[in-house]
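Colleague: Next one to model:
(one chain, ligands or ions: 1)
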Amino acid sequence: MGLFEQMTAKAKASRQRIVLPEGTEPRTLTAANRIIGDQIADIILIGNQVEIYRLADEMGLDNIRKAKIVDPADESIIDKYAPLFFELRKSKGITMEEARLTTANPLYLGCLMVKAGDADGQVAGAQNTTGNVLRAAFQVIKTQPGIDVVSGAFLMLVPPGLPYGTDGILIFADCAVVPDPTAPELAQIAVSAAKTARDIAGIEPRVAMLSFSTKGSAKHDLVQKVIDATKIAHEMAPDLILDGELQADAAIVPGVCASKAPNSPLSGRANVLIFPSLAVGNIAYKLVQRLGGVEAVGPVLQGLAAPVNDLSRGAFPEDIYKTIIMTCNQAIGLKENK
Ligand code: ACO
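Modeller: This next block holds a predicted model:
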């Protein structure tokens, strides 16, 4: 069974409630219709019911009538969720009136539903920027215990025949969120990515902390940051198979590892690659995707207390469909490990 077949089966077996704040966005509606038809998750659409049904009818999306619809213009909905937002943000000096206005923003309303336990995860970003999707999640959902930095991982699905990753899967992080992580933040990104490997990819993580140096071959502040992060990550997760600092070839090629880092517990078989900065991670995943013909699935936002995932504004319905399935698996993983 391939990764998505496995994730779909897991999602179907434990139906999650996924909220889609962009409820009148056509690609989102197409994906929602398919998710409902395939009985993968219960869908909550945020938007005006008349508008959603009109679009669904025009597009022939019959299953949309089975979705729950939550209208941000409905005062009773604002009455229900605004006090929660006020509570979460009152230390920042907001008024109840400001809380009510923000609650009517679908990105915040969806997160508030997740926070209140009325939904299990959120998927958005077909219309909204990454920054707006992330900010709502940071302010409302917040992070998991022991983690204070949210980051973004990609599942890299290697074409058959190439000897990389586990079952052809590698996790790359951070490729989406934290521009210049400190050593403690980099350690958290590594621990979160290991969890993503387990919860979403179903593989046992073998984590490499990447640099342009292997075990002291170069000296620089940027190398030292990775050495420090490796030490902190070991303290945070002593049982995790994790090593650094390593160059990429020493991390994923057993022969190179044997000569450059013979004592590495990874033995050149890392399946989780942690990049020293967002510039490196973002460029690396895009180059591997384009030059290597590797499918990049994500970003999976990791470190949040409940899953919220961001879409590219160029996303196709198929991408949204897969992101919803991934979000269900994250929600299940978070509940299993509570
Ligand atoms: N994890 C957890 N909380 C965070 C994080 C984080 N990584 N970053 C910010 N926050 C919190 C802050 O602590 C703050 O909380 P508070 O209001 O309770 O005090 C809140 O979020 C807002 O913080 P700001 O510093 O104002 O956040 P800002 O709006 O500047 O930036 C953002 C956050 C949007 C994520 C920023 O870091 C960013 O733009 N990152 C790059 C995103 C990007 O462009 N990625 C590349 C494209 S994606 C792709 O190619 C797949």
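
Colleague: alpha carbons only for contacts and neighbour counts from here, please
Modeller: Will do.

Colleague: right, and residue 48 touches residue 55 too?
Modeller: No - proximity of residue 48 to residue 55 does not meet the contact threshold set by CA atoms under 8 Å, at 10.8 Å.

Colleague: and the helix or strand where residue 329 lies, which residues are buried?
Modeller: Here residue 329 is covered by helix 317-336, with elements defined by DSSP states H and E. Buried residues in helix 317-336, counting neighbours by 16 or more other CA atoms under 10 Å, are found at 317, 319-334.

Colleague: same deal with stretch 31-48?
Modeller: Using 16+ other CA under 10 Å as the burial criterion, the residues of stretch 31-48 that qualify are 31-36, 40-48.

Colleague: what's in contact with that stretch?
Modeller: Applying CA atoms under 8 Å, 6 or more residues apart in numbering, the external contacts of stretch 31-48 come out as 8, 11-12, 15-24, 61-64, 66-73, 106, 110, 119, 317-318, 320-321, 325, 328.

Colleague: Just the buried ones from those residues, in PyMOL syntax?
Modeller: Paste this into PyMOL to select the buried members of the contacts of stretch 31-48, with burial taken from 16+ other CA under 10 Å:
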select buried, resi 8+11+12+15+16+17+18+19+20+21+22+23+24+61+63+64+67+69+70+71+72+106+110+119+317+320+321+325+328
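
Colleague: From the contacts of stretch 31-48, which land in helices?
Modeller: Among the contacts of stretch 31-48, the ones falling in helices (DSSP state H) are 8, 11-12, 106, 110, 317-318, 320-321, 325, 328.

Colleague: if I've got this straight, residue 208 is in a strand?
Modeller: Yes - residue state for residue 208 (DSSP: H, G, I helix; E, B strand; the rest coil) corresponds to a strand.

Colleague: what about it, distance to residue 275?
Modeller: 9 Å (CA to CA, to the nearest Å).

Colleague: quick one, which of these two is more surrounded?
Modeller: Between residue 208 and residue 275, counting by other CA atoms under 10 Å, residue 208 is the more crowded of the two (30 against 25).

Colleague: Just list whatever residues bridge to the more buried one.
Modeller: Following DSSP bridges, residue 208 is listed with bridge partners residue 243, residue 273.

Colleague: Tell me, how many residues neighbour the residue of the stretch 201-338 of the chain found nearest the ligand?
Modeller: Here the residue of the stretch 201-338 of the chain nearest the ligand is residue 299; by CA to the nearest ligand atom that distance is 5.7 Å. Residue 299 has 22 neighbouring residues, counting by other CA under 10 Å.

Colleague: likewise residue 287?
Modeller: Burial of residue 287, expressed as a neighbour count using other CA under 10 Å, amounts to 13.

Colleague: Quick check: phi and psi at residue 31.
Modeller: Geometry field for residue 31 lists phi and psi as phi -70, psi -40, criterion degrees, to the nearest 10.

Colleague: now it: how far from residue 200?
Modeller: Residue 31 is 20 Å from residue 200, by CA to CA.

Colleague: Now do the buried residues in the helix or strand that contains residue 6.
Modeller: Element membership of residue 6, judged by DSSP H and E, is helix 3-13. Within helix 3-13, the residues that qualify as buried are 7-8, 10-12, counting by 16+ other CA under 10 Å.

Colleague: Residue numbers of the protein in contact with the ligand?
Modeller: When proximity is defined by CA under 6 Å from any ligand atom, the chain lies next to the ligand at 131, 134-135, 138-139, 148-151, 176-179, 299.

Colleague: Just give me the closest of those to residue 81.
Modeller: Proximity of those to residue 81 (CA to CA) peaks at residue 139, which lies at 14.1 Å.

Colleague: residue contacts, the closest one?
Modeller: So, once contact is read as CA under 8 Å, 6+ apart, residue 139 ends up touching 88-89.

Colleague: what's the burial count for residue 87?
Modeller: Applying other CA under 10 Å, we find 12 other residues in the vicinity of residue 87.

Colleague: Who does residue 70 form a beta bridge with?
Modeller: Under the criterion used (DSSP bridges), residue 70 bridges to residue 46.

Colleague: Could you pull up the residues touching the spatially closest residue to residue 311 that is not a sequence neighbour?
Modeller: For residue 311, ignoring the flanking residues on the chain, the nearest one in space by CA to CA, 6 or more residues apart in numbering is residue 125 at 4.4 Å. Each residue near residue 125 by CA under 8 Å, 6+ apart is listed here: 22, 133, 310-313.

Colleague: again, only this time at 10 Å
Modeller: For residue 125, the residues meeting the contact criterion (CA atoms under 10 Å, 6 or more residues apart in numbering) are 20-22, 28, 107, 131-134, 309-315, 320.

Colleague: Residue 303 too?
Modeller: If you count contacts by CA under 10 Å, 6+ apart, then residue 303 has 142-152, 188-189, 191-193, 195-196 around it.

Colleague: please redo it, this time with the cut-off set to 8 Å
Modeller: Residue 303 makes contacts with 143-144, 147-151, 189, 192, as judged by CA under 8 Å, 6+ apart.
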